[in-house]
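[1] A structural model of the following input is requested.
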Amino acid sequence: MELEEMQTVWSQMSDQIEKQKKLTDKMIIMMTQEQYRKKINKIAYPEMIGAIICYGVVILILINLNKLDNWYTLLSGIISIIILSVLPVLSLKSIYQMRKVNIAVNNYKETLLEYSKGKKRFQTVTKMGFYLGFILMFVIMPVTSKILNNKDLFSETKSLWPFTIAIPVAIIFFIVFVRWVGRCYNNNINSAEALFKELEDIDVS
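    Alright, predicted model coming up:
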């Protein structure tokens, strides 16, 4: 009889320990999910602000499209509109794919796979953004000159020496800025990925 009672007590204790472990694991997963989203938000919020600025510039160009009265400023305006419209959409979609990863629903392997897809897409968009941003830096110059000052950057410019100074400075600034942003983004992405590795031995089912 005593043996049966001990077995019953032991079984109850085992059940309680198992329940406590599952509860602890669930709390860890919820906390990790929250930390993960905070990491991704550090990328998402600047990109959202950037998207608002991009579409603000697109609206400005469209409103003043009639001022682009020659073929090269008009072409520059169209290219600028396309780049400013497409890049934010691609960037935010790739971030959304990373942000929607649900640690509580998926197992470790599924979570890592889904995250890896979003990460790869985001890194591809980031590289594309570097090259398109470099092009945008040049094509938007005649557009802004025409819209803001009503001056043709090429035909009405008396001397080209300011551009020989401004363009290299702009290129250096662009490269430094892109590298700094890329480093910040990569730090957050790596930190987010490191959170998954802590969950490898936790059963989320």
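[2] any low-confidence regions in the protein?
    1-26, 104, 108, 154, 156-166, 196-205 (pLDDT under 70).
[3] Would you map the strands across it?
    Ranges of strands within the chain: none, based on DSSP state E.
[4] where along it do the helices fall?
    2-63, 71-99, 108-149, 161-197 (DSSP state H).
[5] Turn those helices into JSON lines, columns for distance to residue 155.
    Quick note: C-beta positions are derived from backbone N, CA and C, even for glycine. Converted to JSON lines, those look like this (distance: least, CB to CB, whole Å):
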{"stretch": "helix 2-63", "distance to residue 155": "20"}
{"stretch": "helix 71-99", "distance to residue 155": "10"}
{"stretch": "helix 108-149", "distance to residue 155": "10"}
{"stretch": "helix 161-197", "distance to residue 155": "14"}
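[6] Could you export those helices as TSV, including mean neighbour count?
    Output for the helices of the chain, formatted as TSV (neighbours: other CB atoms under 10 Å):
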stretch	mean neighbour count
helix 2-63	13
helix 71-99	18
helix 108-149	17
helix 161-197	13
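[7] My guess is residue 189 contacts residue 121. True?
    No: using CB atoms under 8 Å, residue 189 and residue 121 do not qualify as a contacting pair, with a distance of 12.0 Å.
[8] so what's in contact with those two at the same time?
    Counting by CB atoms under 8 Å, 6 or more residues apart in numbering, residue 189 and residue 121 have no contacts in common.
[9] who's in contact with residue 73?
    Residue 73 neighbours (CB under 8 Å, 6+ apart): 142, 143, 146, 152, 153.
[10] No more questions from me, cheers.
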